[in-house]
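Novice: Here is a sequence together with a model predicted from it:
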Amino acid sequence: MPVTAASRRLDPRAKLYLLLLANLLLFFHVDTRGEAIMVALFLLPLFAAGRWKNGLRLAVLYFALLGLGLWSDAVTLDGAGGGSGGSLIGMMDGGANDGGAATFAVTAGHVAGLLSVGIRMMMPCLITGAYAFTTTSISEFVCAMRRMHVPEAIVIPCMVVIRFFPTIVHDYRQIRNAMALRGIAAGRFALVRHPVQSLEFILVPLLMNATIVSRDLSVAALTKGLGIAGEHTCMTVIRMSWFDWAFMAVCTVPLALAIGGVL
Amino acid sequence: MSASSSSITSAVPSQPFGTSADSIIAIADTSFRYAHDDAGVAAVNPTVANPVSGNVASPTDRALTHVDLAVRPGETVMLCGQSGCGKTTITRLINGLIPNFFHGPLTGTQVVCGLGGDGDTSGDATAGARDANVAAPVPIESLVPLVGSVFQNPKTQYFNADTTSELAFPCENVGMPSAAIRERVDETAQRFGIRHLLGRSVFKLSGGEKQRLAVASATMLRPRIIVMDEPTSNLDAAAMRDLHDMVAELKRAGVTVVIAEHRLAWCADLIDRYVRFENGAVAGEYTAAEFAELGAEQLELWGLRALDLAPYRAALRAKVGVTGGAPDVAEMAGRMSAGCPRSARGLNDGLPSERGTSQPSVIAAVNAETETASDMPVTSPIGPVIDSASRHPSAASVLANPSVQQTEHQSPNGAAIIATHDLVVGYRRAFRREVADLALYGGDIIGLMGRNGAGKSTLVRTLCGLQKPLAGRVLLHGRSVRPAALTRAGFLVMQDVNYQLFADSAREELLLGLGDADDVIRRPIDLAAVPDTETAGSGIAGAQSAEAARMPYLHPATLGEQADRVLDALDLLPFADRHPMSLSGGQKQRLAIASAIMCGKELIVLDEPTSGLDRAHMMQVGALLRRLADDGKAVLVVTHDEELAALWCDRIIDMDGSPSLTKETI
């Protein structure tokens, strides 16, 4: 039992829970302070799993966006002077009346604020998603789903989708090569100029191939007993440790407080 | 009972129906017909270039007719025969895919490991046909622990994205505890020496590694039987050796192995018994000794691949050293006639004399003959003299050049269509390979051989302009050009030709990108190489500007006529209005080549055009290559198929060899 490795990583079910929390965060429009705390918490397991580069990149991005948002708040509040002044009306007023460097800063501040807040609100989901998908093997996910008693009718399509993504990427490249050789929709802008036609040229072979692959996969899966009734086991052992529970609780508390308006 | 089901030289006395105490597989008086046209033959060979070209048109043909087959425990049996002969259907009967996945009327008895088959034991064919499947078929689930299956295409037979999960997959499905699964995975990896493959992404494995994984995965439940359906059709020589060792290990362990295969040589020493199928019936059973005594000629007559590749390898070695230029006509003629022992003269008489003007007549005759023999895929190789003789003149008039004398077999001193200079191919970080200078001339068929990962496909992609060389230059007609120009001049017939067909009908496929409806109007120079134009082939590059001036944009009607001529030349005219995807694999391959001819490509590269093909179809592809080359194209064939390379290629570039070996003298 690789204790050290396992203890550093959360259980897949805990990861799914974090993903759920991130979505709730987005859904309830939690204020900036609560969001920052949650993001910091979400980043921790990414670093713990040794994904330094990925974690740092996401952290820098988030806090840069946060800084930008604060700056835009400051600029717009000063410039337009309104209490809830980060508004479009304030900006237009400024543009109509003054027309100077200050106005430009205000306009820029508004645009920056719009972008930064929009992207920043997606960040918790991105961070937890990146963590869940880069640190979990497919077999772990499958195992987690089976342990949660998800019916096989959902588990198997999930496996197939994961199996199909690389195939589609590969097929797409092959088809683009074939199109280049035939001089069909070749060149950089051909796809943009004739989107519908190009889509047809790409989709038809892609789908044709997908039907063939899916039949082969069904055959392979059947002969390996995917259709056998009864419980399917998993080679990978996953277990909820105290750490998983604790981390889930730690993450839940600030969110609950923020939603409740306490924080 | 059809007469063919009684074996001619039976090594094993045929079992009485149903009662087969000492047989692990007992198939008696079994007939089967695929219910859906796609389920049958298309699935035999779905993604490889050339499945059978006959059965698709007639889905109601019986796949099996009164077949009797008994296999003793521990036996290693090879099922051989031409494409569509029913050997794959037998493997599906054994692993339960028939009748569980592939449906259709099934009669007779099939007992595998003592399971099933007591439904209709009367052996009365007419009664059986009427009330097929009276007994409930054995569910495929109960066969899972008993029969392991390995399929043809390494890319589509794994279900998981990483190797360890793939090995664990069957065990998980039968509900083994996780500790036992881990132990079993470890043990199997040890047993087959694939420990280094564990924990990797399956997508990143080579074809050979994938196939080893497939075999290992099939053995995870310790089945008593392993069936393999053309396991080597995509493999190189080294991967086939690995597979051979795995089969040897299975044989040692007493597992019954049934292999349906075109390539016979790779495991010849392991096979106990050969069962030859013809048209869905057993045509003969032979012990290994009997089979070895049959001789190469007999196998060729049956349309089977060679059992002993030594002569082919010797021919290959001779060709690796050959410098660029015209092939040695006398030597080739001798070899060809040796390769095809049947009299070729008679057929040659039916051919127009223009065919033989510039070509050794023996080759022309052999070409014609193989065409004749193989255009009818399901029939025996000696098959009826079909309309090939009448079709050929048209083919000759379009494909064979009127001005053959000057263009064919350009002298080595003539300008090469494609040449490389100090070329280094690869990807920026992942892969780098220096390629010895090479030159491809019109009229040459060059074989590009070498193990997987030697850089064959990277080189080919570079030559076709699909990727940039890391260093060095690619010369098109002696001038250094950018990749885009190479893409215009070259064409790659992919192994999976399905990617290359875009239009709604075969004729439109040829016109695609040519007509005025499309913004990518071809420049007339591209059409210059369409065979019927007089100047085709003779210094196309040099004549480019003059040609462009002389020939304005072609009228769509003219293009349509030309498309029909090209289709006719490749025997596709009857299918001109069919949807490309409804064609057989061989027809699809020819259609892709037709589109290349229509675009006026000068370099035609084929990637593994004969994988999964029997000898007759392989010879058909070879004859097609020869016709392309005779038309002045430079033909480059990437292949592991030693028989194809030895019989049809003029020169071999061996990517495994040291640079000095592959060095071409220009």
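Specialist: Cool, got the structure. Just so you know, these numbers come straight off a predicted model, no measurement behind them.

Novice: How about the stretch 1-150 of chain B: which residue is closest to chain A?
Specialist: Among the residues of the stretch 1-150 of chain B, residue B:144 lies closest to chain A, at 3.7 Å counting by Cβ to the nearest Cβ. Where C-beta positions appear, they are placed from N, C-alpha and C, glycine not excepted.

Novice: That residue and residue B:111: what is the separation?
Specialist: With distances taken as Cβ to Cβ, to the nearest Å, residue B:144 is found 17 Å from residue B:111.

Novice: Residue B:235 now?
Specialist: Distance, residue B:235 to residue B:111, by Cβ to Cβ: 32 Å.

Novice: go on, residue B:240?
Specialist: From residue B:240 across to residue B:111, the span is 32 Å (Cβ to Cβ).

Novice: Quick one: residues contacting the closest residue to chain A within the stretch 551-666 of chain B.
Specialist: Going by Cβ to the nearest Cβ, chain A is nearest to residue B:581 of the stretch 551-666 of chain B, at 5.5 Å. By Cβ atoms under 8 Å, 6 or more residues apart in numbering or on different chains, the residues touching residue B:581 are A:208, B:498, B:501, B:588.

Novice: Quick one: classify it as helix, strand or coil.
Specialist: helix (DSSP: H, G, I helix; E, B strand; the rest coil).

Novice: For it, report the pLDDT, please.
Specialist: You'll see residue B:581 listed with a pLDDT of 83.

Novice: do residue B:196 as well
Specialist: pLDDT, residue B:196: 93.

Novice: Please apply the same query to residue B:563.
Specialist: pLDDT, residue B:563: 86.

Novice: same question, residue B:28
Specialist: pLDDT for residue B:28: 88.

Novice: Bridging across strands, which residues link to it?
Specialist: residue B:109 (DSSP bridges).

Novice: quick one: it from residue B:139, how far?
Specialist: Using Cβ to Cβ, we find residue B:28 at a distance of 21 Å from residue B:139.

Novice: swap in residue A:134?
Specialist: Here the criterion is Cβ to Cβ. By it, residue A:134 lies 40 Å from residue B:139.

Novice: Give me the more crowded residue out of these two.
Specialist: Using other Cβ atoms under 10 Å in any protein chain shown as the criterion, residue A:134 and residue B:139 rank with residue B:139 on top: 15 against 11.

Novice: what number of residues lie near the closest residue to that one other than its chain neighbours?
Specialist: Once flanking residues are discounted, residue B:139 sits nearest to residue B:100: 6.6 Å by Cβ to Cβ, 6 or more residues apart in numbering or on different chains. Using other Cβ under 10 Å, the number of residues around residue B:100 comes to 18.

Novice: I'd say residue B:100 and residue B:140 touch.
Specialist: Yes - if you go by Cβ atoms under 8 Å, residue B:100 and residue B:140 touch, sitting 4.0 Å apart.

Novice: quick one: residue B:447 is in a strand?
Specialist: Yes - judged by three-state DSSP, residue B:447 forms part of a strand.

Novice: Help me confirm that it comes into contact with residue B:640.
Specialist: No - using Cβ under 8 Å, residue B:447 makes no contact with residue B:640, being 10.1 Å away.

Novice: Quick one: neighbours of residue B:279, just the number.
Specialist: When neighbours are defined as other Cβ under 10 Å, residue B:279 has 20 of them.

Novice: Please tell me how far it sits from chain A.
Specialist: Separation of residue B:279 from chain A (Cβ to the nearest Cβ, to the nearest Å): 24 Å.

Novice: Is it correct that that residue is in contact with residue B:64?
Specialist: No - judged on Cβ under 8 Å, residue B:279 makes no contact with residue B:64 at a distance of 9.8 Å.

Novice: and for the two, which residues touch both?
Specialist: Counting by Cβ under 8 Å, 6+ apart, the contacts common to residue B:279 and residue B:64 are residue B:86.

Novice: Tell me the secondary structure of residue A:172, please.
Specialist: On the basis of three-state DSSP, residue A:172 is classed as helix.

Novice: Isn't it up against residue A:199?
Specialist: No - using Cβ under 8 Å, residue A:172 is not in contact with residue A:199, being 11.7 Å away.

Novice: coming back round to it: what about the contacts of residue B:581, which one has the most neighbours?
Specialist: residue B:588 (26 neighbours).

Novice: Now do the residue nearest to residue B:139, the pLDDT please.
Specialist: Per-residue pLDDT puts residue B:100 at 86.

Novice: cool, residue B:20 as well?
Specialist: On the pLDDT scale, residue B:20 gets 45.
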